[in-house]
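Participant: Take this sequence and fold it.
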Amino acid sequence: MPKYLLEGHYTAAGAKGLAHEGGTGRRSAIAKMVEGLGGKLDALYYAFGGVDVYGVVDMPDNVSAAAVALAVNQSDGVSVKTVVLMTPEEMDKAGKKTVIYRPPGG
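Facilitator: Below is the predicted model:
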């Protein structure tokens, strides 16, 4: 199953909700959401800096991952950026593909 990195940014309202519900409560809610689409929450970490929370999820496909992003980004509590993750084996396959490319001006 494809893996995705979710980068979450809390709004003030979302931070208040997190403070009330707690990190473990949010982890349970996120796991339930992902599992409802046939996926699995691999990891969830809170962080300092520009990103408030990181999640790694397995999802059946890009459509399911996009559905998560659409649902979360429609809320007033958090926005999410989704990054597609690739295995080293997938990168090996990518490196063996023939690509016809001409750089600008080339």
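Participant: can you give me the helices in this structure?
Facilitator: Secondary structure of the chain (DSSP state H): helices located at 12-21, 23-36, 62-73, 88-95.
Participant: closest one to residue 49 among those?
Facilitator: Residue 49 lies closest, by Cβ to Cβ, to one member of the helices of the chain: helix 12-21, at 14.6 Å. Placement of C-beta: from N, CA and C, glycine included.
Participant: mind checking how far that closest one is from the chain centre?
Facilitator: Centroid separation for helix 12-21 versus its chain: 20 Å, with Cα atoms, centre = their mean, to the nearest Å.
Participant: tell me the angle it makes with helix 23-36.
Facilitator: Relative orientation of helix 12-21 and helix 23-36, computed by axes from the mean of the first three to the mean of the last three Cα atoms, to 10 degrees: 110 degrees.
Participant: tell me the mean pLDDT over helix 12-21?
Facilitator: In this model, helix 12-21 carries a mean pLDDT of 96.
Participant: hang on, the earlier thing: mean neighbour count and distance to residue 56 for the helices of the chain - can I get that in CSV?
Facilitator: Below are those laid out as CSV (neighbours: other Cβ atoms under 10 Å; distance: least, Cβ to Cβ, whole Å):
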stretch, mean neighbour count, distance to residue 56
helix 12-21, 13, 19
helix 23-36, 15, 10
helix 62-73, 15, 12
helix 88-95, 9, 16
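Participant: Near the nearest residue to residue 83 once chain neighbours are set aside, how many other residues are there?
Facilitator: Distance criterion Cβ to Cβ, 6 or more residues apart in numbering; nearest residue to residue 83, sequence neighbours excluded, is residue 5 at 4.2 Å. Using other Cβ atoms under 10 Å, residue 5 is surrounded by 15 other residues.
Participant: ok, now the one 4 residues further on?
Facilitator: A count of neighbours around residue 9, defined by other Cβ under 10 Å, yields 13.
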